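Undergrad: Structural data only, the sequence is not supplied:
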DNA sequence: CGTGACTATCCCAAAATAGGATAATATCGA
DNA sequence: TCGATATTATCCTATTTTGGGATAGTCACG
């Protein structure tokens, strides 16, 4: 569950991003979707999901919205959680 | 004001992203900051700002938050506008 | 015009990503 | 405990994106 990587982008290493990854992973599990199923909804590969959840890939705003939708989650709520917990 | 590019990421071309760019550019102008000044606050270059505003570069969630902060704007409000206007 | 402020575009080395494979883990029933 | 299956993590590398200094426009104003 931790993440092992080599050399990545700045925002990947920010705690805010870690948090976002966790929130999205939690949200997915809560809905009972596997990475594979979610990937399918997103028309992406499982490795894509594994990567952003693991913090190996950045998520842009538009992607974040798409994922939230695919999870049936409210992006605003997630954003709020992120901001609150990260003390932004 | 339109954007001329060669071969870019999918989410760059989504109307949602265009909208986001516009919202952020508007927000910046409203506060009376130049790209240069904003860039300085973000510890980035003017070209960075020009690129994301022009839709030549994706903005990840963490960056979006940082920019909103730098503009003294509420990310949630911007997100809402984006969602409403893009009919997400 | 001329000047200065601001923004867009060029360039390209350096860095990040895509996604198919495959390895590693977890789950669970017999 | 096994083995089978489901799920997730990691590898690999061609392709795509990016960073940011430099430079070319663009605009406003005298």
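TA: Noted; the coordinates are in hand. In this text the structure is predicted, and so the values were computed from the model without any measurement.
Undergrad: Beyond the lengthiest helix in chain A, next helix or strand please.
TA: Here the longest helix in chain A is taken by residue count, with DSSP state H as the criterion, and it is helix A:15-31. The first helix or strand that comes after helix A:15-31 along the chain, using DSSP states H and E, is helix A:35-42.
Undergrad: The one helix or strand residue A:52 maps to vs DNA strand D: in contact?
TA: Assignment of secondary structure by DSSP H and E places residue A:52 within helix A:46-53. Yes. Against DNA strand D, helix A:46-53 shows contacts by C-beta under 7 Å from any atom of the strand at A:46, A:47, A:50, A:51, A:53. C-beta here means a position set from N, CA and C on the backbone, and glycine is covered the same way.
Undergrad: Most neighbours of all those, which one?
TA: Counting by other C-beta atoms under 10 Å in any protein chain shown, residue A:53 has the largest number of neighbours within these, with 22 neighbours.
Undergrad: pLDDT at residue A:87, what is it?
TA: Looking at residue A:87, its pLDDT reads 77.
Undergrad: How much space separates it from residue B:43?
TA: Between residue A:87 and residue B:43 the distance is 20 Å, computed by C-beta to C-beta, to the nearest Å.
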